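Undergrad: Sequence and predicted structure below; questions after.
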Amino acid sequence: MSETTCDLLVVGAGPAGLYAAYYAGFRGLSVTIVDTLPEPGGQVTAMYPEKDIFDVGGFRSIKGRDLIAGLVAQAGQFDPTYLLGRQAMSLEETTDGLIVGLADGAQVHARAVLITGGLGTFTPRPLPAGQEWVGRGVVNFVPLLDVHAGQEVVVVGGGDSAFDWALALHPIAKSVTLVHRRSKFRAHAGSVDAVRQLGIELVTDAQVQELRAGENGELAEVFVEVDGALRTLPAQAVIAALGFTADLGPLTEWDLTIERRQITVDSSMSTGRPRVYGAGDIVTYPGKVSLIATGFGEAATAVNNIAVELDPSAHLFPGHSSGGS
């Protein structure tokens, strides 16, 4: 059974967790980051790496992938240890810190824990038909747009993600068709207007019934029911943008106060359990606003309070990282 020892264990490698790793390094703490996903970035990497993000200070807009690359490089100055594709399962208090047990039997011995797990473990909602094609033409998100260059693509869904993928793929795909089971959309009105202006076909009041292969055995057609009749859409790729269900998983057994699938924290980002803090979308408090920018501030607040809890002689505010006073 492998063991890792550090000052701070960050549970979750999304934007808040990566920024916390940087800030903890700035404060002289050794950091380990654990995440169930195989690469850093959390939901940004998993769901919208090519999407433009507009709520990060200093950028008019920035691609999700570029934001994560910058955060990884920023944290990399202080050489955090990454335990990716690993799930944090148990939390145990000891006389000198905490032990977090991972699903593979490994343990992390940390003086403090910061939970930045976003929405927790998320699972994509399945298509009503064609799940056997997942990984063979059906995907739930698009890590690389170029994979779909020259393809006929069907996007299924009516939310922001569905319209974002349709807009992003329109310049490089042979064709893009968006299928939704209702005539009204949950997506932002501006995105819907942009899709219509580009001439992307919207097939509404429609339900996916079947996916079929061509002569080469690869995905070739999508059958959708529209007003009681079947319509055939050519497709070498189907993007199932039907949303995700979130689950806090083992964190619910960590003796934390949880409200509506979020962990409650105080103004110091403390969960109330000794040396266990939270930041980012996974936490809640009165007046909470869930933005990536908010998560950065919460991560810094948590790390500064952790530094003082670990060393009472330390200053809560260490000075600006620019070296100014």
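TA: That came through, no problem. Residues are numbered from 1 along each chain as shown.
Undergrad: Tell me the secondary structure at the residue nearest to the spatial centre of the chain.
TA: Among the residues of the chain, the one closest to the centroid is residue 43, at 1.0 Å (C-alpha atoms, centre = their mean). Of the three states, residue 43 takes helix under DSSP: H, G, I helix; E, B strand; the rest coil.
Undergrad: How about it: what's its closest non-neighbour residue?
TA: In space, and not counting its chain neighbours, residue 43 is closest to residue 118: 5.2 Å by C-beta to C-beta, 6 or more residues apart in numbering. C-beta coordinates here come from the backbone N, C-alpha and C atoms, glycine included.
Undergrad: ok, so what distance separates the one you found from residue 67?
TA: Relative to residue 67, residue 118 is positioned 14 Å away (C-beta to C-beta, to the nearest Å).
Undergrad: More neighbours: those two, which one.
TA: residue 118 (24 against 21; other C-beta atoms under 10 Å).
Undergrad: per-residue confidence for that one?
TA: Per-residue confidence (pLDDT) for residue 118: 79.
Undergrad: contacting residues for residue 23?
TA: If a contact means C-beta atoms under 8 Å, 6 or more residues apart in numbering, then residue 23 has 299-300, 303-304 as its contacts.
Undergrad: Can you give the contact residues for stretch 251-259?
TA: So stretch 251-259 is contacted by 11, 88, 90-91, 115, 117, 120, 248, 263-264, 271-273, 276, 284 (C-beta under 8 Å, 6+ apart).
Undergrad: Tell me the one of those residues nearest residue 293?
TA: residue 284 (16.7 Å; C-beta to C-beta).
Undergrad: By residue count, what's the longest helix in the protein?
TA: Counting by DSSP state H, the longest helix found in the chain is helix 292-310.
Undergrad: can you pull the buried residues of that one?
TA: Buried residues in helix 292-310, counted by 16 or more other C-beta atoms under 10 Å: 292, 294-296, 298-310.
Undergrad: Please name the bridge partners of residue 113.
TA: Taking DSSP bridges as the rule, residue 113 bridges to residue 9, residue 276.
Undergrad: Now for it, how many residues are close by?
TA: For residue 113, the count of nearby residues is 26 (other C-beta under 10 Å).
Undergrad: pretty sure it contacts residue 9?
TA: Yes - applying C-beta atoms under 8 Å, one finds residue 113 in contact with residue 9, separated by 4.9 Å.
Undergrad: hey, what's in contact with both of those two?
TA: By C-beta under 8 Å, 6+ apart, residue 113 and residue 9 have these common neighbours: 98, 100.
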